[in-house]
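Engineer: predicted coordinates and the sequence they were generated for:
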Amino acid sequence: MAMKEIYDIIKAFEAARREGRPTALATVVHVEGSAYRRQRLKKI
């Protein structure tokens, strides 16, 4: 994952928190079968 992607995720997370929206960060640690991205995927 590129540093820009990580920065964008953190930026979006912080913006949502400031606006009082419920937020969660998740990291995919295991994938079985086909998936768009593999392990270590981070999403907001």
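Structural biologist: Done, it's in.

Engineer: quick one: the helices in this structure?
Structural biologist: Secondary structure of the chain (DSSP state H): helices at 3-18.

Engineer: low pLDDT regions in it?
Structural biologist: Applying pLDDT under 70 to the chain flags the ranges 1, 35-44.

Engineer: and Ile6, how many neighbours?
Structural biologist: Using other Cβ atoms under 10 Å, Ile6 has 11 neighbouring residues. For the C-beta atoms, the positions are set from N, CA and C on the backbone; glycine is no exception.

Engineer: against Ala24, how distant is it?
Structural biologist: Distance, Ile6 to Ala24, by Cβ to Cβ, to the nearest Å: 16 Å.

Engineer: please apply the same query to Ala15.
Structural biologist: Ala15 is 14 Å from Ala24, by Cβ to Cβ.

Engineer: and those two? which has more neighbours close in?
Structural biologist: Counted by other Cβ under 10 Å, Ala15 and Ala24 do not tie: Ala15 has more neighbours, with 12 against 8.

Engineer: from the chain's centre, how far out does stretch 8-25 sit?
Structural biologist: Relative to its chain's centre, stretch 8-25 lies at 10 Å (Cα atoms, centre = their mean, to the nearest Å).

Engineer: any chance of the backbone angles for the residue lying farthest from the centre of the chain?
Structural biologist: Ranked by distance from the centre of the chain (Cα atoms, centre = their mean), the top residue is Gly33, with 20.5 Å. When read as degrees, to the nearest 10, the backbone of Gly33 gives phi 80, psi -160.

Engineer: which ones are touching it?
Structural biologist: By Cβ atoms under 8 Å, 6 or more residues apart in numbering, no residues touch Gly33.

Engineer: Arg21 too?
Structural biologist: Contacts of Arg21 (Cβ under 8 Å, 6+ apart): none.

Engineer: now it: how far from Tyr7?
Structural biologist: As judged by Cβ to Cβ, Arg21 and Tyr7 stand 19 Å apart.

Engineer: for Thr27, same thing?
Structural biologist: Per Cβ to Cβ, Thr27 is found 16 Å from Tyr7.
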